[in-house]
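A.B. asks: Starting from these lines, generate the structure:
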Amino acid sequence: TDPRQLTPTIMGDMANAACMADGFDNIQKLPDPVPGCPNFRRVPGFKVYCCGQPTIAGFEAALTKVCGDKYPKDGPIIWFNLRQEPDVYVNGEPICARPPGKIGEYAELGDVTRDIAKSNEVEFLAQCEMRKNENGGKLKAVDINKKALEIEVKELKSLSQVIEGVKEKFPGLVHWRVPVCNSAAPLENDFDIIIKTLIGTAINTPVIVNDQVGLSRATTGCIIACLFKEFQISASFEGLVETVPGVNLSLLKTDKYVMNPEKDTLFRGEFDVVKELVATLKDGAAAKNNADKIIDLNGTPKTGGTGIKQLRENIAESKLSYEIMDDAAQAFLKTKIMDNIQKYFYLIVFAGYIREQAAAAREAVEADKKAAVALPASGKCAIPAAELKIGKTFVQFMEENAGLRGLIDTGKGNLQWERDIPPAALANLESLAAKDFKGNLGKIIHDIYQTAHVMFGDMPQGDHKKRAKYRFASKTIMRILPAAMKKEIEGLIEAKKMTMDLYEILGKCTWVEIK
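C.D. replies: Model prediction:
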């Protein structure tokens, strides 16, 4: 399995797969819903749209909204499905295959390619047909909460069959699977598959991206599509825009984007590994600005978007949650945070690659065609977007900059995972414990909490802060226990006879056995 992925669960054969309904109560997180197409929205400023897995009617509703009364229904429309799990449609509603142990949670399903996804879909359809026939025309499934469902099957279709039906009304539709994992970046080759599909399209060609709900995977795909649209705008129109009086070209450029300096450094994406990238990558600061602007437009209304997931700020939010979780939850979240940093890193690198390709495309017009697209006033080219070429794949770009792969692999975990206790406070506690641990216990507890109050002063009042301080107190008391007592408690924790909980530790430390 892919070493970056959170849970190395493999999709497995369809014979053992569970049927899970894609839709659920409260799936719709955004206002102005499109019936049957969860969380459908447009990215501000781009003909790029994001959504969850539609019903059969939802496909038509979404495409009708995209075309409106201006774009032709037989015009080209690109639809990317970024899901690893195959789908069938039962009575018009989508049901996906899941490993039985991965119901209602993010399932990273290994190295699923487009061919595997297509093959799984055919096999899953056959399985559902067989299960329905063996159960009197009813299909057993579960919802995301593992509640059992039994659906009387009136119509059963694969996703491919559904798309063929949709194409009767929208014959220009191109539906393309690019299965990607949830937390980490798409594979380098996945970026190239998306680009290859978009090359030759016009700037106003609509691009739609879906996953199950319209969250991380779909948002990632939309960011890649928007960065490609930026390539088209930059390579096609820069020369043209310069001829229009009164247009401030700098307003159209996202590489000058400035984030709110009041934001915390983590919310600005200033992780150590990203700072190294910005210093290493050609025009690294401009590439980060480019990526940040597009990420913000694909994020929540708070950062100028229309969506649900803010891929950069979500890392900072997860890091804040990390401080209040128990060890098992921390281990899971730590991997997710590192995967998310790896994804953010790759989006910046991809923005740098796109900037390089836009510059190259402006210069790459064949000599005999240059006169046809050169503008008399400036001599710059205004190349029709559909005629733009990309001279180098993203994989080739990464081969040329292979050091970036090592940089992110070693640097994605370079975060301060725990807050440091001030040395003077630690020395005071160690001194109190060494002199008379039990006699000074009241003072020790008081001083631990006094230190925690200062250390976590930046967190808002509430349960999160209480838990963070309690967790800190539990870890600190363990750190300063007298050696014999510490060894005994560590043994009990390892044997799972107690947990690293402040009250349990104090109970054990102060327990007096009756002789």
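A.B. asks: Wasn't K343 part of a strand?
C.D. replies: No: applying DSSP: H, G, I helix; E, B strand; the rest coil, one finds K343 to be helix, outside a strand.
A.B. asks: mind listing what it touches?
C.D. replies: With contacts defined as CB atoms under 8 Å, 6 or more residues apart in numbering, the neighbours of K343 are 183-185, 220, 311. C-beta here means a position set from N, CA and C on the backbone, and glycine is covered the same way.
A.B. asks: Which parts of the protein are strands?
C.D. replies: Taking DSSP state E, the strands of the chain run over residues 18-21, 41-42, 48-51, 77-81, 87-90, 93-98, 138-142, 148-152, 156-158, 173-177, 207-210.
A.B. asks: Any chance of these in TSV with mean pLDDT, distance to L426 and mean neighbour count as columns?
C.D. replies: Shown next, in TSV, are these (pLDDT from 0 to 100; distance: least, CB to CB, whole Å; neighbours: other CB atoms under 10 Å):
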stretch	mean pLDDT	distance to L426	mean neighbour count
strand 18-21	96	49	20
strand 41-42	97	49	20
strand 48-51	98	48	26
strand 77-81	98	52	23
strand 87-90	97	55	23
strand 93-98	96	47	23
strand 138-142	97	50	18
strand 148-152	96	53	12
strand 156-158	97	62	18
strand 173-177	97	54	19
strand 207-210	98	50	28
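A.B. asks: still on that earlier bit, quick check: the two most widely separated of the contacts of K343?
C.D. replies: A184 and L311 (11.8 Å; CB to CB).
A.B. asks: between those two, what contacts are shared?
C.D. replies: By CB under 8 Å, 6+ apart, the residues touching both A184 and L311 are 340, 343.
A.B. asks: I'd assumed G304 was in contact with Q310.
C.D. replies: No: assessed by CB atoms under 8 Å, Q310 is found out of contact with G304, at 10.3 Å.
A.B. asks: So between those two, which is more surrounded?
C.D. replies: Per other CB atoms under 10 Å, whichever of Q310 and G304 has more neighbours is Q310, with 20 against 13.
A.B. asks: circling back to that earlier point, now the common contact residues for Q310 and G304.
C.D. replies: Common contacts of Q310 and G304 (CB under 8 Å, 6+ apart): D296.
A.B. asks: Any idea how many residues pack against T410?
C.D. replies: By other CB under 10 Å, 10 other residues sit near T410.
A.B. asks: Check the gap between it and E85 for me.
C.D. replies: Using CB to CB, to the nearest Å, T410 is found at 32 Å from E85.
A.B. asks: In helices only, show me the contacts of K343.
C.D. replies: T220 (DSSP state H).
A.B. asks: Nearest to G110 among the contacts of K343?
C.D. replies: A184 (12.3 Å).
A.B. asks: count of residues packed around the residue lying closest to R405 once chain neighbours are set aside?
C.D. replies: Residue nearest to R405 in three dimensions, not counting chain neighbours: M398, with 6.7 Å by CB to CB, 6 or more residues apart in numbering. By other CB under 10 Å, the residues close to M398 number 18.
A.B. asks: So M398 sits against E188, correct?
C.D. replies: Yes: between M398 and E188 there is a contact under CB under 8 Å: 5.3 Å.
A.B. asks: my guess is A235 contacts R362, does it?
C.D. replies: Yes: assessed by CB under 8 Å, A235 is found in contact with R362 at 5.4 Å.
A.B. asks: This completes my enquiry, with thanks.
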